[in-house]
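K.L.:
Dropping a prediction and its sequence here:
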Amino acid sequence: IMNKCLIFLIFLIPQMTYSQHYVNKIVPTAFWNINAFNIFEVDNQYWISGIFGDNKSTIITLDKSLDQYQFYSFDSFSFSYRPLTLFEDEKILYGKSRHLSKDLKLLMLNANFETEELCKVSTSGNFNFPSSSSTIDSGQNIYGSYNYDDGEYSKFGIFAATKYGSIIWNKAFDNNIKKSILWKILISKSKHLLCPYSVGYIGEIGAKARVLKIDSLGNEIWKSDIIPDVFNINSRISLVELSDLNIFFIYEKNVFLDPEFVNYKPYPPSFIWLDKYGKKTKETILKIDLKHDILISEMDAGKGDYFFVYGQVSSRVDQTTNLYGFITKYANNGDTIWSHTYRHPSYNQEDYFHYINDLIEEDNGDLTVLGSIAPIGGKNEVWVFRVNSEGCFGTDSCDQFTLADHDVILPDAIEISCYPNPTNGIVTLTGLAVSGTYTIHIYSIGGWLMDSYKERNPSNIDLGHLDSGVYVIQISDKKITYTLKVVKQ
């Protein structure tokens, strides 16, 4: 089931519906190549954290409607991957100066977005870098993770500090490590720390993946089974604790020498389920053909018996590369609940990266999403949008979409239709604005491009040369894209 679900995800046609409440926007930035990687809910606002330039960071605040924004920059300080820890009355940032080999520190952030250094975090090695920080139930302590290198070995450590800057404990974990990377720490429902990491052991060949569980005092509770055949030591390991207390994580698996994958990507994502004691219970390796790819940025637990996986999918058709952000909602057992791909209409050109970086599930089931958009070698744009609990821009179907950026908010979606449907060949279009030249793509229901052409003010579309079946017709100009489903008899 899992393989079929994920392959279908890669072929999805972007489907969106616009309404007043559900929006798709670019946050204007004066910074060149800002990498915005997390979104937090803080004091009835959204805060976006990111880094830019040689050694700078930023927090972008947005109101709940995603309309009003403000920038705050921090010089000589690069945020960790998850840099913000929230207490009831304090906000603490975690990061370092990239100009110094060892400079991990915690900063207190006041209401005016001014910072004061709380403490430095000492580590072994000649170089260190922060990975993430968190707290347990907005308590009194902050927990942070880091990676360090002494020139021969690379390892990871975890520390605990009070919110006033006193280090409680600071430990390195696992033995016989040649190289390892800890990606983040996740607070479990049992108020322990879950730590996914990639690792290479001394005297062994190849990279592996593991999960470490420790208590709030830094004592090891368990290490998971060793997962072999990781693509390389720098491959990202993503993890989420499910509502049933089992653990789900993703890594890139090396199947280069496996004859079963000779016509598929040699380093595909692999899905692993662990029980609450770290024992592997199930694995599913995704089969991705050579014209497509999937990059998973992260995943989050939902408010029910489900979780979200997101990142970027790409397809290569007739020398054209299409790059979409994607979100998939899974049940705990891995069944797909829904899956959609996303782009911003102002950046709908070939080779524009669209990438989903983070999301927040609201109390009503809506998703507030942070993404990045950039042409190859160009400026990163900060992309935010909100969709409903079905992943759509509104309460209607996802078959049509018209989206707004920060400059334009449309009051209603323009609806187009076609008839007859089903058809024996020619369908007539209604509702399409007379506004110039449109690009028309015709896809099979499986996502294969069957025909593509441009036409000025099209009034009908001929499907007579196609076999019987269901087709998706995408009609777009420079600003808007419409999607129709048509049955060819």
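P.N.:
Perfect, thanks for sending it. Residues are numbered from 1 along each chain as shown.
K.L.:
Which residue of this structure lies farthest from its centroid?
P.N.:
For the chain, the residue at maximal distance from the C-alpha centroid (CA atoms, centre = their mean) is residue 424, at 41.6 Å.
K.L.:
how about it, what does it touch?
P.N.:
By CB atoms under 8 Å, 6 or more residues apart in numbering, the contact list for residue 424 reads 464, 488, 489. The C-beta positions use only the backbone N, C-alpha and C, and glycine is treated the same way.
K.L.:
how much space between it and residue 465?
P.N.:
As for residue 424, its distance to residue 465 is 12 Å (criterion: CB to CB, to the nearest Å).
K.L.:
Over to residue 471?
P.N.:
Separation of residue 471 from residue 465 (CB to CB): 12 Å.
K.L.:
List buried residues within the contacts of residue 424.
P.N.:
The neighbour count (16 or more other CB atoms under 10 Å) marks residue 488 as buried among these.
K.L.:
In a markdown table, list the contacts of residue 424 along with secondary structure and pLDDT.
P.N.:
Formatted as a markdown table, the entries for those read as follows, by DSSP: H, G, I helix; E, B strand; the rest coil; pLDDT from 0 to 100:
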| residue | secondary structure | pLDDT |
| --- | --- | --- |
| 464 | coil | 90 |
| 488 | strand | 90 |
| 489 | coil | 87 |
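K.L.:
between the contacts of residue 424, which is closest to residue 27?
P.N.:
Nearest to residue 27 among the contacts of residue 424: residue 488, at 42.0 Å, using CB to CB.
K.L.:
and that closest one, how far is that from residue 63?
P.N.:
When residue 488 is compared with residue 63 (using CB to CB), they lie 47 Å apart.
K.L.:
same thing with residue 357?
P.N.:
Distance, residue 357 to residue 63, by CB to CB: 20 Å.
K.L.:
List the buried residues for stretch 118-130?
P.N.:
Within stretch 118-130, the residues that qualify as buried are 118, 119, 121, 123, 125, 128, 129, 130, counting by 16+ other CB under 10 Å.
K.L.:
Start and end of that stretch, how far apart?
P.N.:
Terminal residues of stretch 118-130 lie 16 Å apart, using CA to CA, to the nearest Å.
K.L.:
Pull the residues that contact that stretch.
P.N.:
The list of residues contacting stretch 118-130 from outside it, by CB under 8 Å, 6+ apart, reads 80-81, 83, 92, 94-96, 101-108, 144-151, 154-155, 157, 159, 161, 164-167, 170, 172.
K.L.:
Verify the stated contact: residue 458 with residue 440.
P.N.:
Yes: Residue 458 lies in contact with residue 440 (CB atoms under 8 Å); the separation is 6.5 Å.
K.L.:
Could you name every residue contacting both of these two?
P.N.:
Among the neighbours of residue 458, those also in contact with residue 440 (CB under 8 Å, 6+ apart) are residue 475.
K.L.:
low pLDDT regions in this structure?
P.N.:
Flagging of the chain using pLDDT under 70 yields the residue ranges 1-21, 30-32, 316-321, 377, 394-415, 433-436, 445-447, 477-481.
K.L.:
What ranges does it have for its helices?
P.N.:
For the chain, the helices defined by DSSP state H occupy 2-10.
K.L.:
I'd like the distance from stretch 272-282 to the chain centre, please.
P.N.:
Taking CA atoms, centre = their mean, to the nearest Å, one finds stretch 272-282 lying 23 Å from the centre of the chain it belongs to.
K.L.:
follow-up on the earlier one: more neighbours, residue 471 and residue 465?
P.N.:
Set residue 471 next to residue 465 and count neighbours by other CB atoms under 10 Å: residue 471 wins out with 21 against 9.
K.L.:
Name whatever forms a beta bridge with the more buried one.
P.N.:
In this entry, residue 471 is beta-bridged to residue 444, residue 486, by DSSP bridges.
K.L.:
Correct me if wrong: it contacts residue 440.
P.N.:
No: the pair residue 471 and residue 440 fails to qualify as a contact (CB under 8 Å) at a distance of 11.5 Å.
K.L.:
want to throw the buried residues of stretch 118-130 into a markdown table with distance to residue 240?
P.N.:
Below are the buried residues of stretch 118-130 laid out as a markdown table (distance: CB to CB, whole Å):
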| residue | distance to residue 240 |
| --- | --- |
| 118 | 29 |
| 119 | 30 |
| 121 | 26 |
| 123 | 27 |
| 125 | 30 |
| 128 | 27 |
| 129 | 23 |
| 130 | 21 |
